[in-house]
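quick one, structure for this:
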Amino acid sequence: MKHSVLEVCADCVQSAVNADNAGADRIELCSNLVIGGVTPGMALFKLVKKYTDVKVRVLLRPRYGDYCYNAYEFEQLKEEVQMYRECGADGVVMGILSPDGRLNEERMSELIKLAGNMDTALHRAFDACINPMETMEQAVSLGMNTILTGGQCGNAWDGRDLLKELYEKSAGRIEILAAGGINAEVMEKLIPLTGITSYHMSGKIEVDSMMTYRKAGNSMGLPERNEYALWQTSEEKVRQAVLVLKNI
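A predicted model of the protein is given here:
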């Protein structure tokens, strides 16, 4: 059997527990997955470590939006890398671009040094960069472990051609972790097409709130979102993906 990895992106303890129960290899822990994920709080990290036995990488993203950060945001990222290293995270998932769309190697190098022995992964800032092959080589030179990517598309199936090229040109020097719309069915098509055996999924489903009383017209968040429909990782969806990787 080929080496394979299934990473599940989770933003609450229940999702992390579901992923662990279903046999995921790794969790990428974040908060606010509804906006693509930002840095999680320490309490969430500690509880996930308490209730699961799976490896945990922590997403470091100071805010929603692009990946070009000001001096305050960069200082925040440095503090977060140190904090999660000291608290026993297995890895950090991060990325900084320069205004011209290239990887900010100077700032990334600082963060990687602060990470010490933790795994370091380049998140989907990669999908917003101007030159993916150049950026991959930079990530390799920096000693990063993983590139998380949808092939510069919103979902991995649309980015399959670039994913295949990245996997071939990476030549085992860095993990290419396919992301975006990943489920068992998509994986079954991508594995023979691209050769990639590392996948990142949320496996999210909508779960109805426990609330019986529901206040209409009083949204505190995204106006298009129903605040009584919550996102949660589906144990069954993760289990199906695990089976796909076991059969390759």
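
against Arg26, how distant is the closest residue to Ala19 other than its chain neighbours?
Nearest residue to Ala19, sequence neighbours excluded (CB to CB, 6 or more residues apart in numbering): Val8, at 3.7 Å. For the C-beta atoms, the positions are set from N, CA and C on the backbone; glycine is no exception. Using CB to CB, to the nearest Å, Val8 is found at 7 Å from Arg26.

for these two, indicate the residue with more neighbours.
Higher neighbour count among Val8 and Arg26: Val8, with 30 against 22, using other CB atoms under 10 Å.

and the residue nearest to Ala19, which of the three is it?
strand (DSSP: H, G, I helix; E, B strand; the rest coil).

so it makes contact with Gly23?
No: taking contacts as CB atoms under 8 Å, Val8 lies outside contact range of Gly23: 10.0 Å.

what touches both of those two?
By CB atoms under 8 Å, 6 or more residues apart in numbering, Val8 and Gly23 have these common neighbours: Val238.

quickly note the distance from the residue located most distally from the centre of the chain to Leu29.
Most distant from the centre of the chain: Tyr213, at 34.5 Å, with distances by CA atoms, centre = their mean. Distance, Tyr213 to Leu29, by CB to CB: 31 Å.

ok, Gly23 - contacts?
Counting by CB under 8 Å, 6+ apart, Gly23 has contacts Leu6, Val238, Arg239, Val242.

skipping its backbone neighbours, what lies nearest the second one in space?
What that stands for is Val238. Ala22 (3.7 Å).

give me the pLDDT value at the one you found.
If you check Ala22, the pLDDT there is 98.

go ahead and confirm it touches Met201.
No: the pair Ala22 / Met201 is not scored as a contact, 10.7 Å apart, by CB under 8 Å.

pLDDT below threshold where in the protein?
1, 218-224 (pLDDT under 70).

the strands in it, which residues?
In the chain, the segments counted as strands under DSSP state E are 5-10, 26-29, 55-59, 91-94, 119-122, 146-149, 175-179, 198-201, 204-208, 229-233.

Gly95: what's it in contact with?
Shown in contact with Gly95 (CB under 8 Å, 6+ apart): Tyr67, Leu103, Met108, Leu122, His123, Arg124, Ala125, Phe126.

looking at those, which is nearest Cys87?
Nearest to Cys87 among the contacts of Gly95: His123, at 19.6 Å, using CB to CB.

surely that closest one and Val92 touch.
No: contact criterion CB under 8 Å: His123 and Val92 do not qualify, at 9.5 Å.

what's the overlap in contacts for those two?
Overlap of the contact sets of His123 and Val92 (by CB under 8 Å, 6+ apart) consists of Leu59.

any figure for the gap between the residue nearest to Met94 when sequence neighbours are not counted and Arg85?
In space, Met94 comes closest to Leu60 once its chain neighbours are excluded; the distance is 4.4 Å by CB to CB, 6+ apart. For Leu60, the distance to Arg85 equals 11 Å [CB to CB].

show me how far the top helix by length along the chain is from its chain's centre.
Ranked by residue count and defined by DSSP state H, the top helix of the chain is helix 71-86. With CA atoms, centre = their mean, to the nearest Å as the basis, helix 71-86 stands 18 Å off its chain's centre.

please name every helix or strand in contact with that helix.
Applying 3 or more CB pairs under 8 Å, 6 or more residues apart in numbering; DSSP states H and E, one finds that helix 71-86 makes contact with strand 91-94, helix 105-115.

go again with 6 Å.
helix 105-115 (3 or more CB pairs under 6 Å, 6 or more residues apart in numbering; DSSP states H and E).

can you check what angle separates the helix it packs on from helix 71-86?
30 degrees (axes from the mean of the first three to the mean of the last three CA atoms, to 10 degrees).

what does helix 105-115 contact?
Phe74, Lys78, Val81, Gln82, Val92, Met94, Ile96, Thr120, Gln138, Leu142 (CB atoms under 6 Å, 6 or more residues apart in numbering).
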